[in-house]
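[1] Turn this into a model:
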Amino acid sequence: MPTATRHAPATNGHGPSKHLRTSAQPRMGQTGPELQRFGSLRQLPIALSAEARTESCQILNDILADSMVLSALYKKSHWNVAGPTFYQLHLLFDKHYEEQVELVDAIAERVQMLGGISVGDPRHAAELTTIPRPPDGAEDVPVVLSRLLDAHETIIEKVRAGIEKTEKSKDMGTNDLLMGDVLRRHEMQVWFIAEHVVEVPLVEA
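    Numbering: from 1, shown residues only. As a prediction, this is how the structure comes out:
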């Protein structure tokens with residue numbers, strides 16, 4: 001059986017290097033420069049021009065910021081909904097929240113695949129979003145539903161524009177994400193929300 005080789009500790013001429021010493025103490029309070037600025041681009045070998053990737057990152061980050069805000073809006077609605085439809089909407093809002101979180105992750109990862117930096121801090125998203133801020137308190141259910149529908153349409157408009165632009169730039173990966181995942185998910189959620197504001201009799205035709 002071969003004998004394991006023991007390496008002598010690295011030295012700097014004055015004994016073992018301090019950088020190689022181990023310790024159970026967490027190294028807190030560390031700082032350093034940004035590795036990559038937001039809005040800049042890394043070069044990646046994906047056979048897509050820097051111009052196309054830059055445009056796609058901008059499109060995706062705009063949608064990402066709105067999606068982060070929409071997911072938070074769904075969670076706020078989930079917590080504050082009240083009335084006869086509480087149970088149904090409480091569950092539906094949380095379901096839509098989880099689905100939006102999945103989209104947020106997919107969009108953010110696509111930005112990284114293109115060599116960009118995705119919006120990550122919710123305070124950054126709040127600076128970029130075009131979805132109006134709701135009141136801090138609770139609202140009537142019809143108002144909440146209308147607010148959600150408006151937010152969806154804001155994002156859908158950007159998604160449709162992004163689909164057209166990424167088709168022209170031949171960024172088919174982003175195009176597929178926007179058309180196959182983001183757009184269809186939003187359209188499905190709009191359908192589920194919109195059906196709750198149809199005025200129909202409950203017990204008598």
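[2] Now do the strands in the protein.
    Read by DSSP state E, the chain holds no strands at all.
[3] List the buried residues in the longest helix anywhere in the chain.
    The single longest helix within the chain, with elements called by DSSP state H, is helix 50-80. Within helix 50-80, the residues that qualify as buried are 52-57, 59-78, counting by 16 or more other CB atoms under 10 Å. Any C-beta I mention is one placed from the backbone N, CA and C, and that applies to glycine too.
[4] what's it packed up against?
    Contacts defined by 3 or more CB pairs under 8 Å, 6 or more residues apart in numbering; DSSP states H and E place helix 50-80 against helix 86-113, helix 122-128, helix 141-168, helix 172-176.
[5] So which bits of the second one are buried?
    By neighbour count on 16+ other CB under 10 Å, the buried set for helix 122-128 is 124-125.
[6] starting at the chain centroid, how far to the longest helix of the chain?
    Centre-to-centre, helix 50-80 and its host chain are 5 Å apart (CA atoms, centre = their mean, to the nearest Å).
[7] Could you pull up the mean pLDDT of it?
    If you average the pLDDT over helix 50-80, you get 98.
[8] And for stretch 85-101?
    The model assigns stretch 85-101 a mean pLDDT of 97.
[9] Other residues contacting that stretch?
    The set of residues external to stretch 85-101 that reach it, using CB atoms under 8 Å, 6 or more residues apart in numbering, is 67, 70-71, 74-75, 77-78, 81, 141, 185, 189, 192-193, 196.
[10] which one of the residues you listed is nearest P134?
    S77 (8.9 Å; CB to CB).
[11] My guess is that closest one contacts V143. True?
    No. Judged on CB atoms under 8 Å, S77 makes no contact with V143 at a distance of 10.3 Å.
[12] Now for those two: what residues contact both?
    Taking CB under 8 Å, 6+ apart as the contact rule, S77 and V143 touch no residue in common.
[13] Adding distance to P201 as columns, could you present the helices and strands packed on helix 50-80 in CSV?
    Converted to CSV, these look like this (distance: least, CB to CB, whole Å):
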stretch, distance to P201
helix 86-113, 18
helix 122-128, 41
helix 141-168, 17
helix 172-176, 43
